[in-house]
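Asker: Quick one: sequence and predicted model below, then my questions.
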Amino acid sequence: MKTLIKTAIFFFVLFLIVYFSANYVLKKLAVKAVAELKPRLEQKGIMIENFNYKNILLNSYNSCAVTEIDLDFHLTKKMYAKESFKARFNANSITVRFADFNNPSFFFTLKDFALFIEPEENSTKKPFGKLENGYLKSRIPLYLKNPEESAREILAEVKTLFRENKTPIDLEITTDVLLGIDEKEVKVGLYTERIESWTYLKFDDRDILEAAKEFELDLAEKEAEIIANHPSKVPALIKITRDAKRLSEFELSKNASFPEDAYKHIYWSYHLTREFGADLAKEITDAHETIPNNTENERKMDYHNNKVGRKYANEILSLNEIKKRVLASNEVIRNPNEVR
């Protein structure tokens, strides 16, 4: 019995020695890695201005975690041809899990992270410039034999995911996005969904409905579902829809006989088509007509004027030219009673 206890104590002490020695070595290696990495990143247009973390811990024989990370960096015009961005990133932890020792590689997980990208003066705001309460888990390996090439491929697919809403790489993301439109900021849930061999990026359609209320817009549930499937387009979609409503109400306030509804739908459909193409514009405007309370003739008028707006999008029209056509063109239906 004494021998068993002695053996157990021996292995426990050995484990503590290995564990704390490994953590000490990891910290030393991290300091060295950051020092070597900074100039290489600067060559790529990523300027590290501040980097701090609380600890590096060995979780198991094949994984370690960096905790309480704070990072300030600058993305220069070398990386983004026309614009530069200041950025802040922090995370509760980043866990790295090593795998496949024959072809050394690792997977990573980010927990409770936040990212804020601040465009410089006269720069365009990005749709995903503010993320918080984030979780990211990579299910694709980053190979250590060619880390730069491997990382470049992964980043390219992540960029595709955020730009086109889908990618073949297996990546799990859940986060809150702060959408800023016209000085108002609304929180919307963003997540990935894996379907067959594709990862799709989506907004929570219930959050889209709530966000629409904040911007004083009425969306049909079907319309919100379509919009939620195009996260990168949401700020522009909301802005175009909001402008159509505001401008038509403004014209009506100046002239009580102004065909406000016709103008709103033609302006809306025209700009959606110019920005996103006729197919998505039709899908969104058709879905909007599922809102109840419209009469049959009102819906027919809206469908017709939306079609006219898509047709006008083949030309470049000023605000005043759109208004003139709404007032004078025989193609426009200005009153539900004019529906044949």
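Answerer: Sure thing, it's come through.
Asker: Below-threshold pLDDT in the chain: ranges please.
Answerer: 1-38, 40-41, 44, 77-83, 101, 119-128, 182 (pLDDT under 70).
Asker: quick one: the strands in the protein?
Answerer: In the chain, the strands defined using DSSP state E lie at 46-52, 55-60, 63-75, 85-99, 105-119, 130-138, 142-143, 166-167, 171-181, 184-195, 198-203.
Asker: Mind putting those strands into JSON lines with mean neighbour count and distance to residue 334?
Answerer: Heads up, the C-betas are built off the backbone N, CA and C, glycines and all. JSON lines is the format used below for those (neighbours: other CB atoms under 10 Å; distance: least, CB to CB, whole Å):
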{"stretch": "strand 46-52", "mean neighbour count": "13", "distance to residue 334": "55"}
{"stretch": "strand 55-60", "mean neighbour count": "14", "distance to residue 334": "68"}
{"stretch": "strand 63-75", "mean neighbour count": "16", "distance to residue 334": "49"}
{"stretch": "strand 85-99", "mean neighbour count": "17", "distance to residue 334": "46"}
{"stretch": "strand 105-119", "mean neighbour count": "17", "distance to residue 334": "41"}
{"stretch": "strand 130-138", "mean neighbour count": "17", "distance to residue 334": "42"}
{"stretch": "strand 142-143", "mean neighbour count": "16", "distance to residue 334": "60"}
{"stretch": "strand 166-167", "mean neighbour count": "18", "distance to residue 334": "41"}
{"stretch": "strand 171-181", "mean neighbour count": "18", "distance to residue 334": "30"}
{"stretch": "strand 184-195", "mean neighbour count": "15", "distance to residue 334": "32"}
{"stretch": "strand 198-203", "mean neighbour count": "19", "distance to residue 334": "35"}
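Asker: Distance to residue 230 added to the ones you listed, as CSV?
Answerer: Below are those laid out as CSV (distance: least, CB to CB, whole Å):
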stretch, distance to residue 230
strand 46-52, 29
strand 55-60, 38
strand 63-75, 25
strand 85-99, 23
strand 105-119, 20
strand 130-138, 18
strand 142-143, 29
strand 166-167, 11
strand 171-181, 13
strand 184-195, 12
strand 198-203, 8
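Asker: Looking at these, which is nearest to residue 313?
Answerer: Proximity to residue 313, assessed across the strands of the chain by CB to CB, is greatest for strand 171-181 (22.4 Å).
Asker: do you know which of the strands of the chain lies nearest residue 263?
Answerer: strand 171-181 (21.8 Å).
Asker: Walk me through which strands that closest one pairs with, and which way each runs.
Answerer: Note on strand 171-181: by DSSP bridges, its sheet partners are strand 130-138 (antiparallel), strand 184-195 (antiparallel).
Asker: what comes into contact with that strand?
Answerer: The set of residues external to strand 171-181 that reach it, using CB atoms under 8 Å, 6 or more residues apart in numbering, is 113, 125, 127-140, 157-158, 161, 185-192, 194, 199, 201, 203, 211, 215, 231, 234-235, 238-239, 242.
Asker: gap between it and the chain center?
Answerer: 5 Å (CA atoms, centre = their mean, to the nearest Å).
Asker: hey, C-alpha coordinates of that strand in CSV?
Answerer: Extracted in CSV, the C-alpha atoms of strand 171-181 (Å, rounded to 0.1, in the frame of the first residue of the first chain):
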residue,chain,number,x,y,z
LEU,A,171,-16.2,27.0,-39.7
GLU,A,172,-18.5,27.7,-36.7
ILE,A,173,-19.3,31.3,-35.8
THR,A,174,-21.8,32.9,-33.5
THR,A,175,-21.5,36.6,-32.6
ASP,A,176,-23.4,39.8,-32.2
VAL,A,177,-23.0,42.4,-34.9
LEU,A,178,-23.6,46.1,-34.2
LEU,A,179,-25.1,47.6,-37.3
GLY,A,180,-24.6,51.3,-37.6
ILE,A,181,-27.0,53.2,-40.0
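Asker: and the angle from that strand to strand 105-119?
Answerer: 0 degrees (axes from the mean of the first three to the mean of the last three CA atoms, to 10 degrees).
Asker: Report the contact partners of the spatially closest residue to residue 284 that is not a sequence neighbour.
Answerer: Once flanking residues are discounted, residue 284 sits nearest to residue 226: 5.7 Å by CB to CB, 6 or more residues apart in numbering. Counting by CB under 8 Å, 6+ apart, residue 226 touches 283, 284, 287.
Asker: tally of neighbours for residue 275?
Answerer: By other CB atoms under 10 Å, 15 other residues sit near residue 275.
Asker: thinking again about what came up before, using TSV, lay out the strands paired with strand 171-181 together with distance to residue 258.
Answerer: Putting those into TSV (distance: least, CB to CB, whole Å) gives the following:
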stretch	distance to residue 258
strand 130-138	38
strand 184-195	27
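Asker: Looking at these, spot the one closest to residue 102.
Answerer: strand 130-138 (19.8 Å).
Asker: does residue 53 really touch residue 66, like I thought?
Answerer: Yes: counting by CB atoms under 8 Å, residue 53 touches residue 66, with 5.1 Å between them.
Asker: tell me the domain ranges of this structure?
Answerer: 44-203, 222-340 (automatic domain parsing).
Asker: Quick check: the gap between residue 137 and residue 294.
Answerer: 45 Å (CB to CB, to the nearest Å).
Asker: Before I go, just wanted to say thanks for your time.
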